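**Q** Provided below for reference: sequence and predicted model.
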Amino acid sequence: LPICIAKLKPQSASAALDPIRALLLQAQTQQQAGNIAAAAQTVSQALAIHPDHVDALQHMASLQRQLRAPTQALALLQRAIILNPQRADLFNDLGIVFQELGNLPKAISFHKRALKVDPRFVFAMINLGVAYKRQGKFDLAISAYQDALQHAPHLAEAHNNLGNLLRLQGQLSQAKAHLQ
């Protein structure tokens with residue numbers, strides 16, 4: 001599955017002083033508890049305060065994906081990218097939405113853009129591999145997973161994806177090394 005980065009980290013005293021951050025942390029808790037509608041309502045409150053808050057736009061896009069509203073997710077992510085084109089995670093998330101819509105060429109394009117912004121962004125490498133695999137371009141998928149493992153040798157997701165793909169290709173001994 002594609003990997004989306006939409007988790008906020010609490011920030012010491014500044015979180016108490018920042019109502020938007022507090023709302024986003026509340027929404028994250030609601031989302032983790034499975035209450036997606038409440039989380040979306042909470043993020044809407046944050047966006048009412050600051051309509052151009054990039055983290056709030058990204059979080060709402062994640063919620064819209066969960067609510068099966070990919071068109072809204074695309075619009076939110078595109079707006080966030082206009083506001084901050086130096087965030088690789090936004091391009092990666094946009095690629096994920098395009099993967100979910102079945103538009104693999106666009107997904108690949110956005111995962112590659114994420115890697116232009118941050119060449120060490122392993123989640124974009126993994127998602128690029130997922131898109132290539134779905135296209136049947138197994139050699140490119142393997143290369144993407146291997147790139148991710150060069151930067152994060154212990155990342156289970158990359159090992160799992162690579163191992164399963166190698167197993168599919170009948171390369172059982174190599175697959176086993178990644179699936180243990």
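**A** Happy to help now that I have it.
**Q** quick check, pLDDT for residue 175.
**A** Model confidence at residue 175, given as pLDDT, is 88.
**Q** and the one helix or strand it maps to, what does it pack against?
**A** Secondary-structure element containing residue 175, defined by DSSP states H and E: helix 172-179. Identification of packing neighbours for helix 172-179 by 3 or more CB pairs under 8 Å, 6 or more residues apart in numbering; DSSP states H and E yields helix 156-168. All C-beta spots, glycine's among them, are computed from the backbone N, C-alpha and C.
**Q** list the buried residues in the helix it packs on.
**A** By neighbour count on 16 or more other CB atoms under 10 Å, the buried set for helix 156-168 is 157, 158, 159, 161, 162, 163, 165, 166.
**Q** how many other residues sit next to the closest residue to the last one other than its chain neighbours?
**A** The shortest distance from residue 166 to any residue that is not its chain neighbour, by CB to CB, 6 or more residues apart in numbering, is 3.8 Å, and that residue is residue 175. The criterion is other CB atoms under 10 Å. On that basis, residue 175 has 18 neighbouring residues.
**Q** how about residues contacting the helix holding residue 175?
**A** Residues from elsewhere that reach helix 172-179 (CB atoms under 8 Å, 6 or more residues apart in numbering): 159, 160, 162, 163, 164, 165, 166, 167.
**Q** do the same with stretch 123-135
**A** Outside stretch 123-135, the residues touching it (CB under 8 Å, 6+ apart) are 1-3, 5, 88-89, 91-92, 95-96, 99, 104, 107-108, 111-112, 114-115, 118, 138, 140-145, 147-148, 151, 155, 157-158, 161-162, 165.
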